[in-house]
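*Asks:* how does the following fold in three dimensions:
(chains A and B)
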Number of protein chains: 2
Amino acid sequence: MSTTAVPALDKTFQILDLITDSAQPLTAAHIAKALNLPRSSTHNILQSLLAKHVIYKDSDSRFHLGSYLMYWAGKYEQQQGVIQLFKDLIVQYPILLQHTVTLSKLDFGEVVFLACHEAPAPLGFTFRAGVRVPAVFSATGKAMLSTFSMDSIKSIYASGFPTPITQYGVDNFADLSTELTAIKNSRISLDDGQLREGMYCLGTYIRNASGNAIAGMAVSFLQAEYESKRAEVSAVLIELAEQIEQRLGFKDEH
Amino acid sequence: MSTTAVPALDKTFQILDLITDSAQPLTAAHIAKALNLPRSSTHNILQSLLAKHVIYKDSDSRFHLGSYLMYWAGKYEQQQGVIQLFKDLIVQYPILLQHTVTLSKLDFGEVVFLACHEAPAPLGFTFRAGVRVPAVFSATGKAMLSTFSMDSIKSIYASGFPTPITQYGVDNFADLSTELTAIKNSRISLDDGQLREGMYCLGTYIRNASGNAIAGMAVSFLQAEYESKRAEVSAVLIELAEQIEQRLGFKDEH
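*Replies:* Take a look at the predicted model:
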C-alpha cells in the first residue's frame, strides 16, 4: 500500500478499491472494519464520494460504485483515440470476433489494458480495462517493447528484471532480447503461458503518425486451439493493426 | 460547488474535473491558479493521484487523466449489466446504427447517460457517459418516469418542478402527466427540443426481471429527419428494448 502526502486520498483509494473488488455492495461499518479505518473518517469520505456520485448508496445503505466514474473514464477513453478505432474497426474482422482480443498500452514497464473484445464462447478469457501486468510477460507488451532498443528496455527495468508470474515467464534480458528479435521479423509476439498457464496470446503493435508503438493488440487462446489458429489469426491481427495505424496517420516509409 | 467534510477530496474532485474539461493537458501551476488552490496542496494531491495512476504526467510535466479511472469505471459498467446487453444487441439493428442511440438510467430525478452509440454521420449528436440532465426533459427520462405514479414523481421533485432548459421544455406536473399517459399507450417518449433546440429524441424504457424500468434508450434526430424516420425507428427501438428486457429476465404477465 503506497502512502502519500494526502491521507484522505489514500483512504479514498482504499475504499474505492474495496468496493470495486467486492462481489457485494458493502455497508459503511463493513468498509471501516475491512480497512481498519476510523468510522468517522470513513463516514466523511463516503459522504463526500456520494455527493459527487462517485459512489451510490442503495436502499439497504450499502455502497456501490457510481456513475461519475464514467464521466472521468469516458474522457480518458476519448483522449486515447486508439480505443475508439479498435472498437470501430474490429467488427470488420469476423475471425477476430470469435476470440478474446485486447488492446493495451505501455506505461513504465507495465502494460495497461485499455479495451477488450470478449469472445462469444462462454469460457473465454476476459481482461478488465485498467488492469496492469509486467510488459515483458504479455504479448502486447513484448510487441511494443520489440520497437525499443535493448538499452532503453534495460533502463525501463533499471531496478531489475521483473519476477516471472508462471514457470514459463522469461527471466533475463538475453532471452527477452532473442524473443524481441523474432518479433521484429514477424510482427507477431507470443505469450506462451507467461501471464497465465494454459493461456496463449498472439500480439502485435500499433504505431501512430510519429512511428511510435502507442498500443498493442493481442488475441487469447487456450493452448489447444492456438496451434490450429495461429497462422490465420496472426495475418488478420496484422491487417487490423495496419488499418488502425493508417487511421492514426502512420506512414510506412520503407 | 458542494463543500463536504473532506477538503482534500473536494480539491481532488475540482482538479479531476478541471483536467477532464480541459482541451489541453495542464501543468501543476496552471491547475493551482485556475482553481485558486495553494500550490503545495495542489502538488500533494497531484502526486497522490499520480502514484495511483488516476492521472499521468507527460514529458512536459502536464497532467492528463490516467488509466486507473478505467479500472473503477469498468467495474461500474460491469455491475450495470444492461450496458453490455445494449452494446451487444444493438449491432443487430442496422436502422438504429445509422443514428445516435443513448442508454441512460434514472437517478434521483436526473438521467445519467450510461452508453452512447454514435451515428456514423459526421454531424451526429454525442452524449458523454456520466453526464446528467433533468429526467423530465429527456426522452429516456420521460420513458422511465411513465412507469411511475404521478405521486412518486411529485415526491422525486418535492423541491419544485425543474427549470426548463429550452423554450420547449415542459414546466408543470399537469403537462408532464399528459405526456406520460401518451407514453404509457405507445411505449414511445418524445423530447421535441426540450434538452436542446433542434434535437428530437424518441425513447423507450427497459424493464428488469422485477418489472422495474431500470434504463431508458433513445434515438436522436435533427428535427428535419425526425418526421420521416419516426415510425420505423420507434418500432425497431421497442424491438431492441424488448430483447434486452428478455435477457434481463423480464416476463410480461399481461
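*Asks:* how near is A:H117 to B:N208?
*Replies:* To B:N208, A:H117 is 26 Å away according to CB to CB, to the nearest Å. Just so you know, the C-beta spots here come from the backbone N, C-alpha and C atoms, and that holds for glycine as well.
*Asks:* which phi and psi does A:S189 have?
*Replies:* phi -100, psi 160 (degrees, to the nearest 10).
*Asks:* now do the one 5 residues further on
*Replies:* Note on A:Q194: backbone dihedrals following degrees, to the nearest 10 are phi -80, psi -20.
*Asks:* shouldn't A:M199 be in contact with A:E225?
*Replies:* No. Counting by CB atoms under 8 Å, A:M199 does not reach A:E225; the two are 11.0 Å apart.
*Asks:* close to chain B, is the helix or strand of chain A with the lowest mean pLDDT?
*Replies:* For chain A, scoring each helix and strand by mean pLDDT, DSSP states H and E identifies helix A:68-79 as the least confident one, at a mean of 84. Yes. Contact of helix A:68-79 with chain B (CB under 8 Å from any CB of the partner chain) involves A:68-77, A:79.
*Asks:* weed out the non-buried ones from these.
*Replies:* A:68-77 (16 or more other CB atoms under 10 Å in any protein chain shown).
*Asks:* circling back to that earlier point, A:M199 and A:E225: which has the busier surroundings?
*Replies:* Legend: neighbour count by other CB atoms under 10 Å in any protein chain shown for A:M199 and A:E225, higher for A:M199 (19 against 15).
*Asks:* need the pLDDT of that one.
*Replies:* A:M199 is assigned a predicted lDDT (pLDDT) of 89.
*Asks:* now do A:G124
*Replies:* Per-residue pLDDT puts A:G124 at 62.
*Asks:* one more: A:G249?
*Replies:* 82.
*Asks:* with adjacent residues omitted, what lies nearest to it?
*Replies:* Take A:G249 and drop its neighbours on the chain: the residue closest to it by CB to CB, 6 or more residues apart in numbering or on different chains is A:A209, 3.3 Å away.
*Asks:* nearest residue to the middle of chain A?
*Replies:* Nearest to the geometric centre of chain A sits A:F113, at 1.5 Å (CA atoms, centre = their mean).
*Asks:* what strand or helix carries it?
*Replies:* Using DSSP states H and E, A:F113 sits in strand A:110-117.
*Asks:* what separates the helix or strand following that strand from the chain centre, distance-wise?
*Replies:* Later in the chain than strand A:110-117, the nearest helix or strand by DSSP H and E is strand A:132-134. Remark: strand A:132-134 is offset 7 Å from the chain centroid, using CA atoms, centre = their mean, to the nearest Å.
*Asks:* all strands for chain A, in order.
*Replies:* Taking DSSP state E as the criterion, chain A carries its strands at A:26-27, A:55-57, A:62-65, A:100-107, A:110-117, A:132-134, A:189-192, A:199-207, A:213-222.
*Asks:* identify the residues contacting the strand holding A:F113?
*Replies:* Residues from elsewhere that reach strand A:110-117, judged by CB atoms under 8 Å, 6 or more residues apart in numbering or on different chains: A:77, A:80, A:82-83, A:86-87, A:90, A:96-97, A:100-106, A:126-135, A:138, A:140-141, A:144, A:215-216, B:53, B:67, B:70.
*Asks:* just the buried members of those?
*Replies:* Using 16+ other CB under 10 Å, the buried members of the contacts of strand A:110-117 are A:77, A:80, A:82-83, A:86, A:90, A:96, A:100-106, A:127, A:129-135, A:138, A:140-141, A:144, A:215-216, B:53, B:67, B:70.
*Asks:* what's the least confident helix or strand of chain A packed up against?
*Replies:* Helices and strands touching helix A:68-79, as assessed by 3 or more CB pairs under 8 Å, 6 or more residues apart in numbering or on different chains; DSSP states H and E, comprise helix A:81-89, helix B:7-21, strand B:62-65, helix B:68-79.
*Asks:* ok, residues contacting that helix?
*Replies:* With CB under 8 Å, 6+ apart, helix A:68-79 has contacts from A:52-54, A:83-84, A:114, B:16, B:20, B:64-67, B:69-70, B:72-74, B:76-77, B:114, B:128-131.
*Asks:* for the closest residue to chain B within the stretch 101-250 of chain A, which non-adjacent residue is closest in space?
*Replies:* When scored by CB to the nearest CB, the stretch 101-250 of chain A has A:G130 as its residue closest to chain B, at 2.8 Å. Leaving out its chain neighbours, the residue that sits closest to A:G130 by CB to CB, 6+ apart is B:Y71, at 2.8 Å.
*Asks:* any idea how far that neighbour lies from A:G81?
*Replies:* According to CB to CB, B:Y71 and A:G81 sit 20 Å apart.
*Asks:* so which bits of the longest helix along chain A are buried?
*Replies:* Longest among the helix segments of chain A by residue count, using DSSP state H, is helix A:223-247. Using 16+ other CB under 10 Å as the test for burial, helix A:223-247 gives A:226, A:229-230, A:233-234, A:236-245.
*Asks:* for it, name the packing helices and strands.
*Replies:* Judged by 3+ CB pairs under 8 Å, 6+ apart, helix A:223-247 is in contact with helix A:81-89, helix A:94-97, strand A:199-207, strand A:213-222.
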